[in-house]
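[1] Here is a sequence with its predicted model. Questions after.
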Amino acid sequence: MFELLGIPPQALFGQLLLGLINGAFYAMLSLGLAVIFGLLNVINFTHGAQYMMGAFGAWMLLNYAGIPFWGALVLSPIVVAIIGMVIERTLLKRLYHLDHLYGLLLTFGLALILEGLFRRQYGSSGLPYNNPLPGGTNLGFMFLPNYRAFVVAASLVVCLATWFVIERTKLGSYLRAATERPDLVQAFGIDVPRMITLTYGFGVGLAALAGVLAAPAYQVSPTMGSNLIIVVFAVVVIGGMGSIMGAIVTGFGLGVIEGLTKVFYPEASSTVIFVIMALVLMVKPAGLFGTAK
Amino acid sequence: MRLAAVLLAAASVVVAAGAAKAQVPVKIGVLNDQSGLYADLGGQGSVWAAKKAVEDFGAAAKGLKVDVIFADHQNKADVGTSIARQWYDVDGVDVIVDTPNSGVALAVNTVTKEKNKVFINSGAATSDLTGKACTPNTVHWTYDTWALANGTGKAIVKNGGDTWFFLTADYAFGHALERDTSEVVKANGGKVVGSVKVPLNNSDFSSFLLQAQSSKAKIIGLANAGGDTINSIKQASEYGIVDGGQKLAGLLIFLTDVHSLGLKVAQGLNLTSAWYWDQTDANRKFADAFAAANGGKRPTMVQAGVYSGVLHYLKAVAALKSAKDGAAVVAEMKKIPTDDPLFGKGEVRADGRQIHPMYLYEVKKPSESKGPYDYYTLKGTIPANEAFRPIGEGDCPLVKKG
């Protein structure tokens, strides 16, 4: 049996697969951020809180209404997206003509408020949520839980569908056109403000969907989003702000790199992504897939 | 509002007690995590416990004028240190209590000695507080890594769990817990086959669990706490670790962790704790009052320890009639035996370690539990004289001198 850098190949395959699973979460979250930034030019710091709300939504639907995981997978993102759209209409909309910084401050403040409210109501140590797909398959080199396999598949489908809609359909072309020249698109009779609201709702919905998917695997707690969001921002920066494919590819890619770090030098696994971010910014300031405007 | 009401009530008692008797001012600062992963096990509950101790002691009637304030150290040693300095230098705080997170606790320990105040720690785990880092100003109340290792670790090795792999939180606490547990494992004839240091607040443990799995160790020791422990246990069940024949040993598990995991996932876990609310009538009485004031939650051992520690501190201050000389107050705390409804009779040792029995519990099955917070079955009691590290083995400079 050959060994690679002192690690048996079975362990290595296992870790690569785990990296993909974690990458799935990064990809979905950074995709939502990229969509929102691409169209609204808003750096949505509430994203982590919306991911958390998605997970709590699933918990509430189960405990207050008896709706199981599969129902929550659809309902919770819709509810969170509607809340997001209300926020866009009432607050964010007023900031579009100002510097990025104002949108960032508003969304950051909202994130703190939302987290605080959930902590006050549900405490900080989190709530239990049972695994809807217990069991798993022994792949020979590792035990793959059914639920994790489902997460990777679901995330891939969602990511690719989003990419397809934005890059390859007529609706997507409106969206991209509105990003470049909203005034001109408006002149062609397209309701740009409504499109922006719906896009924000969609980005937020993606975050909430990731949250629902996270509920059975991670602890459902008010801080689950803020722990993750900084990493996700690094992913977006590495991929290139606003680049859809960049967000997906770097999401999965960095998941794998982080997974490998957890084997070779676990102490650095929480920092490796930021080291990569610094390196990428030095070489390619617009990100790997970004285009300098 | 509640604070205002308590202060008002305290003030009126003070006035009623008569202006003739001089009041000894005492200011207690509860310094802990108010918003992060340790907020449920300490947090506002610890503030409540400190105030309750002041009330039950009848401080006003005994000539003490006690204020309780609190702050959030956000699990950052620099934040904790600057609050401690501000409290001691500007705000006239005499004693800091609770302070979970070993990293922050060790920092506050140093500041407290420098300023000659008092530090009564309930929330932090590192046994270094009464070992290498012990000071004449610090008392460590509720538990420590040595006691946890000695409780859970020993019990598991004796039941045949003789090969261990550790998942260790990568900071002072995790390192101390791994070190102390490894010693217990080896001393009882077991072997440590490996360990991995996991960054704090890591949400995904699957990679580390896989490494633990391939180590083939019989026991996977979780040298972590709070959200990290919860996520490791949750994901271990997902990855079929327990079905594969390996067992998890949660070395530090709080009541709030079990509540968060749910009994379905947590059932059967063995744990060591200094205190459980549903064990004696006195504990239940305290827990009922706690629940009434804290939205139905039950207190953790950390919160109970804050109560017990503050009570003993006030006894010492009342005896000395001054809270100003920290070392003198701690010396008095060591002189008088401890005795309170929650922790029973005990003592504070020369190294600052408070001595009381520790208990081994098993987490109930969902079918055995009568409802929220009915979680533990008592499996054994470790008598006070065996529960903590023998005083000579901690390398505490105070002990060598004596």
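    Yep, it's here.
[2] what's the neighbour count on the residue of the stretch 101-250 of chain A found nearest chain B?
    For the stretch 101-250 of chain A, the residue closest to chain B is A:Pro128, as judged by CB to the nearest CB, at 3.0 Å. Every residue, glycine included, has its C-beta placed from N, CA and C. By other CB atoms under 10 Å in any protein chain shown, the residues close to A:Pro128 number 21.
[3] Which pLDDT value goes with A:Ala149?
    At A:Ala149, the pLDDT value in this model is 92.
[4] can you pull the contacts of it?
    A:136-137 (CB atoms under 8 Å, 6 or more residues apart in numbering or on different chains).
[5] Roughly how far does it sit from B:Pro357?
    Remark: distance between A:Ala149 and B:Pro357 (CB to CB, to the nearest Å) = 47 Å.
[6] what helix or strand is the residue lying closest to B:Thr152 once chain neighbours are set aside on?
    Closest residue to B:Thr152 apart from its sequence neighbours, by CB to CB, 6 or more residues apart in numbering or on different chains: B:Thr272 at 4.6 Å. Here B:Thr272, judged by DSSP states H and E, is contained in strand B:270-273.
[7] Quick check: neighbours of that strand in the sheet, parallel or antiparallel?
    strand B:358-363 (antiparallel) (DSSP bridges).
[8] got the contact list for the strand it pairs with?
    B:143, B:147, B:150-152, B:155, B:258, B:263, B:266-276, B:279, B:375-382, B:387-388.
[9] A:Asn130: what's it in contact with?
    A:Asn130 neighbours (CB under 8 Å, 6+ apart): A:216, B:262, B:264-265.
[10] What's the ChimeraX syntax to select whichever of these are buried?
    What follows is the ChimeraX syntax for the buried subset of the contacts of A:Asn130, where burial is set by 16 or more other CB atoms under 10 Å in any protein chain shown:
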select /A:216 /B:265
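[11] returning to what we had before: out of the contacts of strand B:358-363, list just those in helices.
    B:147, B:155, B:258, B:263, B:266, B:387 (DSSP state H).
[12] returning to what we had before: so the residue nearest to B:Thr152 versus B:Ser214, what's the distance?
    Distance of B:Thr272 to B:Ser214, given as CB to CB: 28 Å.
[13] All the strands of the stretch 1-150 of chain B, in order from the start?
    B:24-32, B:64-72, B:95-98, B:118-121, B:138-140 (DSSP state E, counting those that start in this stretch).
[14] and these as JSON lines, adding distance to B:Ala53?
    Output for these, formatted as JSON lines (distance: least, CB to CB, whole Å):
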{"stretch": "strand B:24-32", "distance to B:Ala53": "9"}
{"stretch": "strand B:64-72", "distance to B:Ala53": "9"}
{"stretch": "strand B:95-98", "distance to B:Ala53": "9"}
{"stretch": "strand B:118-121", "distance to B:Ala53": "11"}
{"stretch": "strand B:138-140", "distance to B:Ala53": "14"}
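[15] A:Thr46: which of those strands is closest?
    Set against A:Thr46 and scored by CB to CB, the strands of the stretch 1-150 of chain B come closest in strand B:64-72, at 22.2 Å.
[16] in the chain, which helix has the most residues?
    In the absence of a named chain, chain A is used. Per DSSP H, chain A has its longest helix at helix A:9-40.
[17] hm, I was asking about chain B
    Longest helix in chain B by number of residues (criterion: DSSP H): helix B:301-320.
[18] so can I have JSON lines of the strands of the stretch 1-150 of chain B showing distance to chain A, mean pLDDT and mean neighbour count?
    Below are the strands of the stretch 1-150 of chain B laid out as JSON lines (distance: least, CB to the nearest CB, whole Å; pLDDT from 0 to 100; neighbours: other CB atoms under 10 Å in any protein chain shown):
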{"stretch": "strand B:24-32", "distance to chain A": "12", "mean pLDDT": "96", "mean neighbour count": "24"}
{"stretch": "strand B:64-72", "distance to chain A": "11", "mean pLDDT": "96", "mean neighbour count": "20"}
{"stretch": "strand B:95-98", "distance to chain A": "15", "mean pLDDT": "97", "mean neighbour count": "30"}
{"stretch": "strand B:118-121", "distance to chain A": "20", "mean pLDDT": "97", "mean neighbour count": "30"}
{"stretch": "strand B:138-140", "distance to chain A": "23", "mean pLDDT": "97", "mean neighbour count": "29"}
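[19] ok, and what's touching stretch B:230-241?
    With CB under 8 Å, 6+ apart, stretch B:230-241 has contacts from A:125-126, A:131, A:134-136, A:143, A:145, A:147-148, A:216-219, B:167, B:202-206, B:208-210, B:212-213, B:220, B:222, B:224, B:242, B:248, B:250, B:257, B:260-261, B:265-266, B:269.
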